[in-house]
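K.L.:
I'll drop the sequence and a predicted model, then ask my questions.
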Amino acid sequence: MRLLIVEDNAELSRLVAGGLAAAGYESDIVGSAAEAREAVSSVSYAAMILDLGLPDGDGLSVLRELRLKMEPLPVLVLTARGGVQDRVNGLRSGADDYLAKPFAMEELLARLEAILRRPGQLLGRSLTLANLVYDTESRQIFVDDQPRIISARETSVLEILLRRQGRVVPKKNVEDHIFGLEGEVASNAVEVYVSRLRKQLAEHGAKVVIHTIRGVGYLMTEEK
């Protein structure tokens with residue numbers, strides 16, 4: 001699951017990204033409102049962690065723009081503005097939650113997970129299809145209740161397909177989930193990882209099928 005961190009304090013953003021990585025999340029970091037707008041327009045994120053005091057504007061303006069566009073991206077505001085009215089303004093501007101600095105990483109993770117567990121969002125402790133189970137917290141994969149090892153990139157593909165099982169996942173969404181803002185990505189990179197995932201699942205005896213919907217994306221279903 002890929003998150004966007006919008007924070008101009010490089011040390012803090014690095015620490016937050018490290019804490020998220022330890023909890024199994026991948027993240028991209030940007031340090032300005034302009035970069036946040038560009039990132040959201042080009043990558044499909046599971047959630048955004050947004051600082052309000054950005055060098056080129058107020059983070060609330062970014063938040064309001066998202067909501068005016070009816071963008072449902074979950075947003076956790078992370079800021080030094082801890083007053084009651086500040087929290088009220090943030091929530092009324094469209095924030096899903098509000099956490100004042102300084103904070104404990106454990107609380108940030110708990111609030112983030114609570115947001116992602118809400119109806120329509122992406123977090124669930126276990127994702128199951130047929131005899132395949134993926135534990136989102138430990139990032140372990142089980143087939144017929146036996147732990148199996150699948151490489152990291154392929155696990156990222158598996159996660160997004162399982163979260164949207166029964167629905168077609170656009171190729172661009174899969175690419176965003178794997179690579180985020182990493183830069184140039186080979187045109188066939190997604191196809192390569194999907195092919196490897198198919199092979200590994202078959203070797204482990206998973207009774208699932210990954211369908212390629214040409215020109216659109218991928219669909220994971222139970223094997224018939």
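P.N.:
Now that the structure is in, tell me what you want to look at.
K.L.:
tell me where this structure has helices.
P.N.:
Listed in chain order, the helices of the chain (DSSP state H) span 10-22, 33-42, 59-68, 84-92, 105-116, 152-163, 171-179, 189-204.
K.L.:
quick one: the second one to chain centroid distance?
P.N.:
When you say that, I think you mean helix 33-42. Relative to its parent chain, helix 33-42 has a centroid offset of 15 Å by Cα atoms, centre = their mean, to the nearest Å.
K.L.:
domain parsing for the protein?
P.N.:
Listed domain ranges for the chain are 2-117, 126-222 (source: the TED database).
K.L.:
how far does the last one stretch from one end to the other?
P.N.:
This means domain 126-222. One end of domain 126-222 to the other measures 16 Å (Cα to Cα, to the nearest Å).
K.L.:
and if you look at stretch 163-170?
P.N.:
From its first residue to its last, stretch 163-170 covers 13 Å (Cα to Cα).
K.L.:
cool, and stretch 145-156?
P.N.:
20 Å.
K.L.:
in that stretch, which residues are buried?
P.N.:
148, 150, 153-156 (16 or more other Cβ atoms under 10 Å). From N, CA and C alone the C-beta is placed, and that goes for glycine too.
K.L.:
distance to residue 90 added to those residues, as a markdown table?
P.N.:
Converted to a markdown table, those look like this (distance: Cβ to Cβ, whole Å):
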| residue | distance to residue 90 |
| --- | --- |
| 148 | 43 |
| 150 | 39 |
| 153 | 36 |
| 154 | 38 |
| 155 | 34 |
| 156 | 31 |
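K.L.:
can I get the residues you listed in JSON lines with pLDDT and distance to residue 188?
P.N.:
Shown next, in JSON lines, are the buried residues of stretch 145-156 (pLDDT from 0 to 100; distance: Cβ to Cβ, whole Å):
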{"residue": "148", "pLDDT": "93", "distance to residue 188": "26"}
{"residue": "150", "pLDDT": "91", "distance to residue 188": "20"}
{"residue": "153", "pLDDT": "88", "distance to residue 188": "14"}
{"residue": "154", "pLDDT": "92", "distance to residue 188": "15"}
{"residue": "155", "pLDDT": "91", "distance to residue 188": "20"}
{"residue": "156", "pLDDT": "87", "distance to residue 188": "17"}
